[in-house]
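Q: Need coordinates for the below:
(one chain, ligands or ions: 1)
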Amino acid sequence: MKRCILSAALCIAFAMALPAAARRYLPPVKEPAPALPADADPDPSPEGSAALTPDGEATLTLLSGGEVLTLTMREYLPGVLAGEMPASFAPEALRAQAAAARTYAMYRMAHSDARHPQADLCSDPACCQVWLSEEALRQRWGESYSRYSALYAAAAEDTDGAYLTWEGEPILACFHAASPGQTESCEALWGTAVPYLVSVDTPEGEADVPGFVTTAELTPEALRQGVAAVCPQADFSAGPEAWIGERVTDVSGRVASIRIGGAALPGTKVREIFALRSACFTLEWTGDRFVFTVTGSGHGVGMSQYGANVMARSGADWKAILAHYYPGTALVNAPA
Ligand SMILES: [Zn+2]
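A: This next block holds a predicted model:
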């Protein structure tokens with residue numbers, strides 16, 4: 001019982017402290033963990049009704065365009081998948097994404113988000129996971145609407161009702177676009193250890209991911225202004241060739257911290273300031289400008305979408321992909 005209470009409190013802390021499953025970087029919200037709500041079940045049963053609910057019978061509320069919509073999971077998931085993964089990805093990767101997106105939605109259904117207490121989820125990828133309406137998809141796809149919508153609906157249907165659990169509860173199924181050989185751990189990124197959000201190998205590389213390695217060039221003044229805005233104590237009195245100091249990487253290869261103007265900045269902060277695609281970067285002075293060279297895309301926690309596609313093309317099925325990126329979790333309610 002004690003373990004379950006702690007687990008529930010931890011999950012609620014994550015709901016408050018951790019951002020979207022979506023691929024873009026979001027800074028953690030530094031709020032204290034809230035108390036358990038009075039009506040929370042301190043000992044939820046993994047055999048509860050949600051465990052056996054098919055997508056057509058599970059309903060959720062979604063804030064989209066200022067309106068709160070009530071949708072079944074079957075209606076909701078294809079609009080997420082269409083926004084999260086290209087139709088050209090392998091079917092097993094699309095299925096893995098469907099189960100991850102369903103799990104993320106169920107997590108949010110169990111732990112309301114203070115940013116929109118009126119709805120379980122929102123359609124803003126900077127907060128929850130992206131969701132595109134049928135109207136938006138018809139506009140996007142035109143005459144190909146029927147073909148593409150059927151493909152995404154099939155990925156949801158093929159995994160109908162399946163979701164990932166840890167100790168019987170839906171997990172916080174974070175995902176991101178692409179990682180540089182290793183995914184990021186939740187602890188390294190957000191400071192909270194989560195047993196199933198740890199750094200794992202991931203197979204994607206330059207041949208698999210468009211824009212896997214990107215560069216960003218800055219004038220010395222642009223670098224100075226960007227850093228000084230968040231770190232006024234940084235010292236830029238010497239020449240630019242002396243501004244960049246020690247760069248420390250974490251186990252996944254991302255920048256844990258880098259000294260700029262003598263001040264140590266977290267890699268995620270540098271990523272945020274300069275809108276880098278990931279926190280796996282080098283920074284060099286070329287003699288007339290600074291150049292960031294960045295590998296991967298997204299925060300790096302949980303399933304890598306491009307990695308899932310590479311695994312699928314190598315023969316892995318959706319269950320194996322999920323087991324790889326969310327180690328130690330159990331897949332519940334999976335169709336045979
Ligand atoms: Zn949201």
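
Q: tell me the contacts of residue 196?
A: By Cβ atoms under 8 Å, 6 or more residues apart in numbering, the contact set of residue 196 is 164, 166, 171, 326-329. In short, each C-beta sits where N, CA and C put it, glycine included.

Q: Please read the previous query as pertaining to residue 138.
A: Residue 138 makes contacts with residue 145, as judged by Cβ under 8 Å, 6+ apart.

Q: which element is it on?
A: In the assignment (DSSP states H and E), residue 138 maps to helix 134-141.

Q: Give the rounded mean pLDDT of that helix.
A: For helix 134-141, mean pLDDT rounds to 96.

Q: contacts for the next helix or strand after that helix?
A: As assigned by DSSP H and E, the chain's next helix or strand after helix 134-141 is helix 145-158. When contacts are defined by Cβ under 8 Å, 6+ apart, helix 145-158 is touched by residues 55, 73-74, 77-78, 81-82, 87, 91, 94-95, 97-98, 102, 134, 137-138, 141, 318, 335.

Q: Present the contacts of residue 196 as a markdown table; the columns should include neighbour count and pLDDT.
A: Shown next, in a markdown table, are the contacts of residue 196 (neighbours: other Cβ atoms under 10 Å; pLDDT from 0 to 100):
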| residue | neighbour count | pLDDT |
| --- | --- | --- |
| 164 | 26 | 98 |
| 166 | 18 | 97 |
| 171 | 27 | 97 |
| 326 | 30 | 98 |
| 327 | 12 | 98 |
| 328 | 10 | 98 |
| 329 | 21 | 98 |
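
Q: If we check the ion, which of these are in contact?
A: Residues of the contacts of residue 196 in contact with the ion (Cβ under 5 Å from the ion): none.

Q: Which member of those is positioned nearest the ion?
A: Among the contacts of residue 196, residue 171 lies closest to the ion (Cβ to the ion), at 17.4 Å.

Q: Bridge partners for the closest residue to the closest one other than its chain neighbours, pull those for me.
A: Excluding the flanking residues, the one nearest residue 171 by Cβ to Cβ, 6 or more residues apart in numbering is residue 164, at 4.9 Å. As for beta bridges, residue 164 partners with residue 331 under DSSP bridges.

Q: in stretch 211-228, what counts as buried?
A: Residues of stretch 211-228 classed as buried: 212, 216, 218, 220, 223-224, 226-228 (neighbour count, 16 or more other Cβ atoms under 10 Å).

Q: what is the rounded mean pLDDT of that stretch?
A: For stretch 211-228, the mean pLDDT works out to 97.

Q: and the stretch 1-150 of the chain, which residues reach the ion?
A: Checking the stretch 1-150 of the chain against the ion by Cβ under 5 Å from the ion, the hits are 122, 127-128.

Q: for the stretch 51-200 of the chain, which spans come out with low pLDDT?
A: Residue ranges of the stretch 51-200 of the chain with pLDDT under 70: 51-52.

Q: let's go with 50 and repeat that
A: Counting by pLDDT under 50, the ranges of the stretch 51-200 of the chain that qualify are 51.

Q: who's in contact with the residue nearest to residue 171?
A: Shown in contact with residue 164 (Cβ under 8 Å, 6+ apart): 99-100, 103, 170-171, 173, 196, 322, 326, 329-332.

Q: Could you grab the helix/strand/coil label for the nearest residue to residue 203 once chain neighbours are set aside?
A: Distance criterion Cβ to Cβ, 6+ apart; nearest residue to residue 203, sequence neighbours excluded, is residue 310 at 4.5 Å. Under DSSP: H, G, I helix; E, B strand; the rest coil, residue 310 falls in the helix class.

Q: surely residue 310 meets residue 207?
A: No - in this structure residue 310 lies outside contact range of residue 207 using Cβ atoms under 8 Å: 9.3 Å.
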